[in-house]
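[1] Give the three-dimensional model of this entry:
(2 chains)
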Amino acid sequence: MIVSDSGLDFSVNRVTAMVRRYWYLLRSSWPRVLDLIYWPTVQMLMWGFLQLYVTQNGGPFVRTAGVFIGAVLLWDILFRGQLGFSISFLEEMWSHNLGNLMMSPLRPVEFIAALMIMSIVRLAIGMIPVTLLAFAFFGFNLWSLGFALAAFFVNLILTSWAIGIFVSGLLLRNGMGAESMAWTIMFLFLPLTCVYYPVTVLPWYLQYIAWALPPTYVFEGMRALLIDQSFAPT
Amino acid sequence: MDAQNTSAIAVERLVKLYKGVAAVDGISFQLAPGSITGLLGGNGAGKTTTIAMIMGLVAPTSGTVSVLGAQMPAGRYRVLHRMNFESPYVALPMRLTVRQNLSVFAQLYAVADIDARIAQLAADLDLGEFLDRPAGKLSAGQKTRVALAKALLNNPEILLLDEPTASLDPDTADWVRARLEHFRRAQGATVLLASHNMTEVERLCERVIIMKTGRIEDDDTPARLLDRYGRETLEEVFLDVARGRQREAVR
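    Residues are numbered from 1 along each chain as shown, chains lettered A, B, ... in the order given. Purely as a prediction, here's the structure:
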């Protein structure tokens, strides 16, 4: 491995070490694993039953309400992706281990790579069972979106990591006083990325902001795909 | 060859300002390879900031720090694998067992045979009985031994210690000092030890740098400091410096 002064060189071995560290932590406590599945399941059930109620009663909202489960599952990829990244970073602050890591040969880029991998691991543990439950309870098959789902996932996970990195910066700069941002910052995106309604519902000036946010294209695309069987946003 | 190339650590006219206030105010010193030096000073003397700049964690406002020939902080990734540190104010993840913690850090430091190295450290530092216990369930003395094991994992050429025996009972503290002495003799490592414990510094260090309000007030061997201040113990010398009593006046 070439050693440079920049800290940009990369060692898979060090990334593996960090992933092992988080994996040991995760498997040391079953409530932590349960917590990954619990809330996405509750959310999916709540929106699933609401979707069922609206579609059974007809009316003008049937078309939009038919995609509530898809919206909540995709939203959870965005939200849980960021949370998985930020919680792993917070673990280092809670355990006062950041000094050890910063004094070790671990490069920032390797640290970030390990956080990204753990974000996907935590997401997989939480979301895969929930998508299967959505199929079992409501006959909604997220996986049937196929290639579009892969594209949606890439968009959402990259956005969640970008926000995770931003939150980590806030935590480093401001300490644990910024911890609440890790849990709440994503909710700023909930109304603006139009998870449950089309962009056209927003006032014209907020529509500019909405279209500037990558996840908006996912939720618009998902609605277009499920309602109109077209990949173009409505 | 200049001092930066021949010294393990070379600090030149180092300054660190925080909002205009000097935490470190123009200090210079060099540490020879294989030496053990005590960095003494009261709270706010600038010891921790100095060590942080040596580790490359804090960028100096002005001046230079060279560690094993690398300029810090820019060149820190060239030398971090040859250094390590221990401080009671930094902890290892509590839910991981001692073995898991050491294994993770051994991989970070690219230790060749991780299991063998952990077994050796467990024998050297008497970690065997709690190697598979979560780090959070250890006593203060056991935690210090584990932190020391982590600091010695990569057989560092430079070991930075920030109050390594703080909050330990005298027996455990003495045990830790004996292990540090043994490591230093065996490895020929350069050790910089920041401490409030004068007994520790007298026992371990061949040189003492005393800091006050960001400056170096004195820098000599323990014996010469005692002689110059006309004192029996380093603690008395430290109090003379901390309270501003001049060497001449003390004489």
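[2] give me the low-pLDDT residue ranges for the chain?
    Just so you know, I chose chain A. Of all residues in chain A, those with pLDDT under 70 make up the ranges A:1-8, A:59-66, A:231-234.
[3] hmm, I had chain B in mind actually
    Scanning chain B for pLDDT under 70 picks out B:1-5, B:245-251.
[4] and the longest helix for chain A?
    The helix that spans the most residues within chain A, counting by DSSP state H, is helix A:108-138.
[5] buried ones in the next helix or strand after that helix?
    Using DSSP states H and E, the helix or strand that follows helix A:108-138 in sequence is helix A:147-174. For helix A:147-174, a neighbour-count test (16 or more other CB atoms under 10 Å in any protein chain shown) marks A:148-149, A:152-153, A:155-157, A:159-161, A:163-165, A:167-168, A:170-171 as buried. C-beta coordinates here come from the backbone N, C-alpha and C atoms, glycine included.
[6] rewinding a little: and the angle from the longest helix of chain A to helix A:147-174?
    Orientation of helix A:108-138 against helix A:147-174 (axes from the mean of the first three to the mean of the last three CA atoms, to 10 degrees) gives an angle of 130 degrees.
[7] List the contacts of residue 41.
    Picked chain A for this. A:P129, A:V130, A:L133 (CB atoms under 8 Å, 6 or more residues apart in numbering or on different chains).
[8] To clarify, I was referring to chain B.
    The contact partners of B:G41, taken as CB under 8 Å, 6+ apart, are B:K47, B:A194, B:I210, B:M211, B:K212.
[9] what helix or strand does the second one sit in?
    When secondary structure is defined by DSSP H and E, B:A194 falls within strand B:190-195.
[10] ok so, going back, anything in the longest helix of chain A near chain B?
    No - contact of helix A:108-138 with chain B (CB under 8 Å from any CB of the partner chain) is absent, the minimum separation being 9.1 Å.
[11] chain center to that helix, what's the gap?
    Relative to its parent chain, helix A:108-138 has a centroid offset of 8 Å by CA atoms, centre = their mean, to the nearest Å.
[12] Return the set of buried residues in that helix.
    For helix A:108-138, the neighbour count (16+ other CB under 10 Å) marks A:110-119, A:121-123, A:125-127, A:130-131, A:133-134, A:138 as buried.
[13] got the angle for the host helix or strand of A:Y22 vs helix A:108-138?
    A:Y22 belongs to helix A:12-27 when elements are defined using DSSP H and E. Angular relation of helix A:12-27 and helix A:108-138 on a 0 to 180 degree scale: 40 degrees, by the same axes, to 10 degrees.
[14] Now tell me what touches helix A:12-27 from outside.
    A:32-33, A:88, A:91, A:105-107, A:110-111, A:113-114, A:117-118, A:121-122, B:93, B:95-97, B:100, B:103-105, B:107-108, B:110.
[15] Get me the contact residues on chain A for chain B.
    By the rule CB under 8 Å from any CB, the part of chain A lying against chain B is A:3-7, A:9, A:11, A:13-14, A:16-18, A:20-21, A:24-25, A:28-29, A:91, A:95-107.
[16] near chain A, which residues of the stretch 101-250 of chain B?
    So the stretch 101-250 of chain B meets chain A at B:S103, B:V104, B:F105, B:Q107, B:L108, B:Y109, B:A110, B:P134, B:K150 (CB under 8 Å from any CB).
[17] check which helix or strand covers the last one.
    Under DSSP H and E, the secondary-structure element containing B:K150 is helix B:140-152.
[18] who does that helix touch, helix- and strand-wise?
    Identification of packing neighbours for helix B:140-152 by 3 or more CB pairs under 8 Å, 6 or more residues apart in numbering or on different chains; DSSP states H and E yields strand B:83-86, helix B:98-108, helix B:114-124, strand B:158-162, helix B:170-187.
[19] I'd like the distance from stretch B:183-193 to the chain centre, please.
    Put simply, stretch B:183-193 sits 10 Å off its chain's centre (CA atoms, centre = their mean).
[20] Can you list the buried residues in it?
    In stretch B:183-193, counting by 16+ other CB under 10 Å, buried: B:F183, B:R184, B:A189, B:T190, B:V191, B:L192, B:L193.
[21] These: which two are farthest apart?
    B:F183 and B:L192 (13.9 Å; CB to CB).
[22] Give the residues shared as contacts by these two.
    Common contacts of B:F183 and B:L192, defined by CB under 8 Å, 6+ apart, comprise B:L159.
[23] Wait, A:M127 touches A:F79, no?
    No - using CB atoms under 8 Å, A:M127 is not in contact with A:F79; the gap is 10.7 Å.
[24] Now the common contact residues for these two.
    Common contact partners of A:M127 and A:F79 (CB under 8 Å, 6+ apart): none.
[25] by how many degrees do the helix holding B:K150 and strand B:158-162 diverge?
    150 degrees.
[26] Go through the residues of the stretch 101-250 of chain B and report the one nearest to chain A.
    Distances between the stretch 101-250 of chain B and chain A by CB to the nearest CB are smallest at B:Q107, namely 3.6 Å.
[27] Could you tell me how many residues sit around that residue?
    Residues near B:Q107, counting by other CB atoms under 10 Å in any protein chain shown, number 20.
[28] give the contact list for A:W161.
    Counting by CB under 8 Å, 6+ apart, A:W161 makes contact with A:G81, A:Q82, A:F85, A:L115, A:M116, A:S119.
[29] Just the closest of these to chain B, please.
    A:L115 (14.8 Å).
[30] re the thing from before, outside of the helix holding B:K150 itself, list whatever touches it.
    Helix B:140-152 is contacted by residues A:100, B:84-88, B:90-92, B:98, B:101-102, B:105, B:118, B:121-122, B:125-127, B:130, B:135, B:138, B:159, B:161, B:164-165, B:167-169, B:172, B:176, B:179-180, B:183 when judged by CB under 8 Å, 6+ apart.
[31] Weed out the non-buried ones from those.
    A:100, B:84-88, B:90-92, B:98, B:101-102, B:105, B:118, B:121-122, B:125, B:127, B:130, B:135, B:138, B:159, B:161, B:164-165, B:168, B:172, B:176, B:179-180, B:183.
[32] which residue packs closest to B:E12, ignoring adjacent ones?
    B:T64 (4.8 Å; CB to CB, 6 or more residues apart in numbering or on different chains).
[33] just A:L50 next, same as before
    Nearest one to A:L50, counting by CB to CB, 6+ apart, is A:F68 at 6.1 Å.
[34] Equivalent analysis for B:V201, please.
    Nearest residue to B:V201 in three dimensions, chain neighbours excluded: B:G38, at 3.8 Å (CB to CB, 6+ apart).
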